[in-house]
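# Okay, predicted coordinates and the sequence, questions at the end:
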Amino acid sequence: MSDDSYHQEVPLWVLVNYLTIGNVYHFYKSLDDDLSKDIAEFFADRYVRERRHHLSLSTKDLRTFINFIKTFRNVCAHEERLYDLQIVPPIISKYINAYNREANINVTNDELSKGDMFSLLFVLRFYLCKKTMMILLIKLRIYLMNIG
């Protein structure tokens with residue numbers, strides 16, 4: 001038996017570890033409707049399970065979120081100016097209520113429509129697991145305290 005017979009299919013969870021965010025975006029964009037819907041439901045289900053708040057995440061919104069994250073990542077990777085960066089944000093107004101319920105605050109659509117770092121952190125809440133998001137926020141807080 002040849003060595004090739006053992007490596008005909010690569011599990012998706014292995015493949016994703018080797019993809020850039022841009023690759024993930026284009027890969028997700030190319031999936032059929034059923035599979036992309038399953039993936040969006042996975043993120044929504046995890047959000048509900050970890051945060052105990054209902055969320056319905058559409059495939060279009062997830063695709064837009066990934067593209068938004070990718071754009072910020074590219075700015076960082078190419079050493080462009082980040083501090084005042086504003087990118088056309090994804091339409092996230094329908095997710096504000098879920099965020100406000102979870103965080104016990106009142107964020108407005110105006111605050112999230114600037115396409116800035118705050119918008120990015122908002123979008124990452126739906127993409128990252130709760131533990132990873134909390135670690136990110138703690139590290140960001142420490143970093144900001146040290147430069148201020």
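Looks like it came in fine. Numbering: from 1, shown residues only.

# Run through the chain and note the low-pLDDT ranges.
Where the chain drops to pLDDT under 70, the residues are 1-8, 148.

# in it, which spans are helices?
With DSSP state H as the criterion, the chain has helices at 12-15, 21-30, 33-51, 59-77, 96-103, 109-112, 117-127, 130-147.

# so which of these gets nearest D84?
For the helices of the chain, proximity to D84 was assessed by Cβ to Cβ; helix 117-127 is nearest, at 9.5 Å. All C-beta atoms are positioned from the backbone trio N, CA, C, and that covers glycine.

# Going by contacts, tell me the helices and strands next to the closest one.
Counting contacts by 3 or more Cβ pairs under 8 Å, 6 or more residues apart in numbering; DSSP states H and E, helix 117-127 is packed against helix 33-51, helix 59-77, helix 109-112, helix 130-147.

# can you redo the ones you listed as TSV with mean neighbour count?
Formatted as TSV, these follow (neighbours: other Cβ atoms under 10 Å):
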stretch	mean neighbour count
helix 33-51	15
helix 59-77	17
helix 109-112	14
helix 130-147	11
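
# Can you add distance to I87 and give the helices of the chain back as a markdown table?
As requested, the helices of the chain are exported to a markdown table (distance: least, Cβ to Cβ, whole Å):
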| stretch | distance to I87 |
| --- | --- |
| helix 12-15 | 27 |
| helix 21-30 | 14 |
| helix 33-51 | 21 |
| helix 59-77 | 5 |
| helix 96-103 | 18 |
| helix 109-112 | 12 |
| helix 117-127 | 8 |
| helix 130-147 | 18 |
